[in-house]
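Student: Sharing a model that was predicted from the sequence below.
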Amino acid sequence: MDNKNFSKKDASAVYDARELGVTKMVVLGIQHMFAMFGATVLVPALTGLSVSATLLFAGVGTLLFHLISKRKVPAFLGSSFAFLAGYAAIAPNGEKELLPYACLGVACAGLIYLVLAALIKAFGVSKVMKFFPPIVTGPIIISIGLSLSKSAVDNCSTNWFIAIVAILIVVLCNVCGKGMIKIVPIILGVLGSCFIAVLMAVMFGENIIGADGVEYVTLGGIENMRLFSASSIDAINNAAWIGLPFKMSDTVFSIFSNPDTKLIISSIVTIVPISIATIVEHIGDISAISSTVDRNFLKDPGLHRTLSGDGIATMVASLFGAPANTTYGENTGVLSLSKVYDPAVIRIAAVFAIVFSFSPKVAACISAIPTPVMGGISLVLYGMISAVGVRNIVENQVDFSKTRNVIIAAIILVLSIGITYSSAGSISFKIAGMVISLSGLAVGSLAGIILNAVLPEKDYVFKE
């Protein structure tokens, strides 16, 4: 495939956002920041890492990725959920003294990206991509969206009314809107549904203690009609306007003054294997972005460059106490909705993330966005990711009359989604006394890659 041979399938697609003007580009950038924010800050919330550091290195990582990938790929790099099991294994309760060791393991995992990138550079992308045809990447992309769907529905269930308001605003703006309204449905959905939530809180708000022991402002005191958490409002009032995003005591560098060798080895052995899954996710995400934007980024700037950018961004973030970075499906969903494919817009979002990381007050305000609002927005975006996977299969004319293709797709989907929603949530096994956990997406992806490699009657050739 060659970018010069690609044709714009959608006449409304915008590849150079400068034609929209600076103001619209800024608004589009803010929209991308909102899209990534909910999931990005959830990882530090679950692990105990710094939210401000997460924002800073999401922005820095994105800019590094764009620099390494020749500023051609419209991808935003946010917090990776794939490494949550690794953080939990090393610092199960978010212990501050243990998190730097987990971050060291994640930084070493980033090195695996560079090793694979070097192999691709040496032997060519075709040698690698023959293991990732559309019958593998399509179901993986579908599984990425569906695997995330539970979190979206759970968030929506805290207040379905507000979630539906957010969904309706996004859908109506995208389907019925014109001009700027049509290309910024996410930010309008967030602002519109937040306005409704604030209005309801002022008129009918009543504080209650939820089943989880947290105080919420709810609609009429009804548990499943939450609007805001009381702590998020207090956080806004107490937060400083300006502050440093991280402390050196929370970085990997802090452990070398008195290192625990056993813990270092345990962290590396436990976390590095997770990179297999995240690399597959990366290829799936780049394939999804390529399909969405109608450009072959696996060829130009090349998979070796995108892998290097992702790996280096992950290493830098981890060394300074932030979560691993990964190309974000949420922002791919925004691309699908807005039809604005200029990477410059993503870089604007990255700059905003960096600026906001130095303002605890702003970070607190964004963190106060109601859970059902983020749930409604995520529901649309995660669905868009899966839809891109379906598109990837359809446009490449995958032949499902062939049993091999049906089997590969079925195994990927069932393992990826089934394990994710199983009681264990992952597949665990011991190596040298260390417990290794693989997510459903990792297991499904590996199974699909292996099946495609061993089953006969391959019908896809990656075109240079």
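Tutor: Received it, and whenever you're ready, just let me know what you need. In this text, all values refer to a predicted model and were calculated from it rather than measured experimentally. Numbers count the residues shown, from 1 in each chain.
Student: count of residues packed around the residue lying closest to Val73 once chain neighbours are set aside?
Tutor: Setting aside the residues directly before and after it, Val73 is nearest to Phe297 in space (C-beta to C-beta, 6 or more residues apart in numbering), at 5.0 Å. (C-beta placed from N, C-alpha, C; glycine too.) Neighbours of Phe297 under the rule other C-beta atoms under 10 Å: 22.
Student: ok, Phe297 to Ser357 distance?
Tutor: 27 Å (C-beta to C-beta, to the nearest Å).
Student: Over to Val293?
Tutor: With C-beta to C-beta as the criterion, Val293 and Ser357 are 28 Å apart.
Student: three-state assignment of Arg305?
Tutor: Assigned with DSSP: H, G, I helix; E, B strand; the rest coil, Arg305 falls in the helix class.
Student: Report the buried residues of the helix or strand hosting Ile289.
Tutor: Here Ile289, judged by DSSP states H and E, is contained in helix 274-293. Using 16 or more other C-beta atoms under 10 Å as the burial criterion, the residues of helix 274-293 that qualify are 274-293.
Student: Flag the shaky bits of the stretch 251-400 of the chain, pLDDT-wise.
Tutor: Confidence mapping of the stretch 251-400 of the chain against pLDDT under 70 gives the ranges 273, 276-277, 329-330.
Student: Helices of that one, residue ranges please.
Tutor: 261-271, 274-293, 303-319, 329-338, 343-357, 360-367, 371-395 (DSSP state H, counting those that start in this stretch).
Student: List the contacts of the most centrally placed residue in the chain.
Tutor: In the chain, the centroid-proximal residue (C-alpha atoms, centre = their mean) is Tyr328; its distance is 3.3 Å. Residues near Tyr328 by C-beta atoms under 8 Å, 6 or more residues apart in numbering: 35-36, 39-40, 75-78, 285.
Student: phi, psi of the residue nearest to Val73?
Tutor: phi -80, psi -20 (degrees, to the nearest 10).
Student: repeat for Gly78
Tutor: Phi and psi for Gly78, reported as degrees, to the nearest 10, are phi -120, psi -170.
Student: and the gap between the nearest residue to Tyr421 once chain neighbours are set aside and Ser157?
Tutor: Spatially, and ignoring its direct neighbours in sequence, Tyr421 is nearest to Lys150 (6.6 Å; C-beta to C-beta, 6+ apart). Separation of Lys150 from Ser157 (C-beta to C-beta) stands at 10 Å.
Student: Then Leu49?
Tutor: Leu49 is 26 Å from Ser157, by C-beta to C-beta.
Student: Near Ile450, how many other residues are there?
Tutor: 14.
Student: repeat for the one 3 residues further on
Tutor: Ala453 has 11 neighbours, counted by other C-beta under 10 Å.
Student: Name the nearest residue to it, sequence neighbours excluded.
Tutor: Phe131 (6.1 Å).
Student: before we move on, which element is the residue of the chain most remote from its centre in?
Tutor: Centroid-distance maximum for the chain: Met203 at 35.6 Å, with C-alpha atoms, centre = their mean. Per DSSP H and E: Met203 is located in helix 185-204.
Student: Also Leu227?
Tutor: Counting by DSSP H and E, Leu227 is part of strand 226-229.
Student: Give me the angle between the helix or strand following that strand and helix 371-395.
Tutor: Counting by DSSP H and E, the next helix or strand C-terminal to strand 226-229 is helix 230-238. If you take axes from the mean of the first three to the mean of the last three C-alpha atoms, to 10 degrees, helix 230-238 sits at 100 degrees to helix 371-395.
Student: Pull the residues that contact stretch 383-396.
Tutor: 133-135, 137-146, 148-149, 287-288, 291-292, 329, 332-333, 336-337, 409, 460.
Student: And the residue nearest to Ser151 when sequence neighbours are not counted, how far from Ser416?
Tutor: Distance criterion C-beta to C-beta, 6+ apart; nearest residue to Ser151, sequence neighbours excluded, is Ser378 at 6.9 Å. Ser378 sits 18 Å away from Ser416, going by C-beta to C-beta.
Student: follow-up on the earlier one: and the residue farthest from the centre of the chain, how far from Tyr328?
Tutor: 36 Å.
Student: now swap in Pro139 and tell me
Tutor: 20 Å.
Student: got it, and Ile279?
Tutor: From Ile279 to Tyr328 the distance is 16 Å (C-beta to C-beta).
Student: Tell me the helices and strands packed up against the helix holding Ile289.
Tutor: helix 99-123, helix 134-156, helix 303-319, strand 325-327, helix 329-338, helix 371-395, strand 434-439, helix 440-454 (3 or more C-beta pairs under 8 Å, 6 or more residues apart in numbering; DSSP states H and E).
Student: go again using 6 Å as the cut-off
Tutor: helix 134-156, helix 329-338, helix 371-395 (3 or more C-beta pairs under 6 Å, 6 or more residues apart in numbering; DSSP states H and E).
Student: Compute the inter-axis angle for the longest one and helix 134-156.
Tutor: Here helix 371-395 runs at 160 degrees with respect to helix 134-156, directions being taken by the same axes, to 10 degrees.
Student: Low-confidence bits of the stretch 1-150 of the chain, can you list those?
Tutor: Ranges of the stretch 1-150 of the chain meeting pLDDT under 70: 1-11, 38-39, 42, 45-46, 81-82, 84-85.
Student: Helix, strand or coil: sort out the nearest residue to Arg347 once chain neighbours are set aside for me.
Tutor: In space, and not counting its chain neighbours, Arg347 is closest to His66: 5.8 Å by C-beta to C-beta, 6+ apart. Under three-state DSSP, His66 falls in the helix class.
Student: measure His66 to Thr327 for me?
Tutor: 12 Å.
Student: between those two, who's got more neighbours?
Tutor: For His66 versus Thr327, neighbours defined as other C-beta under 10 Å are more numerous around Thr327 (27 against 23).
Student: Cool, thanks, signing off.
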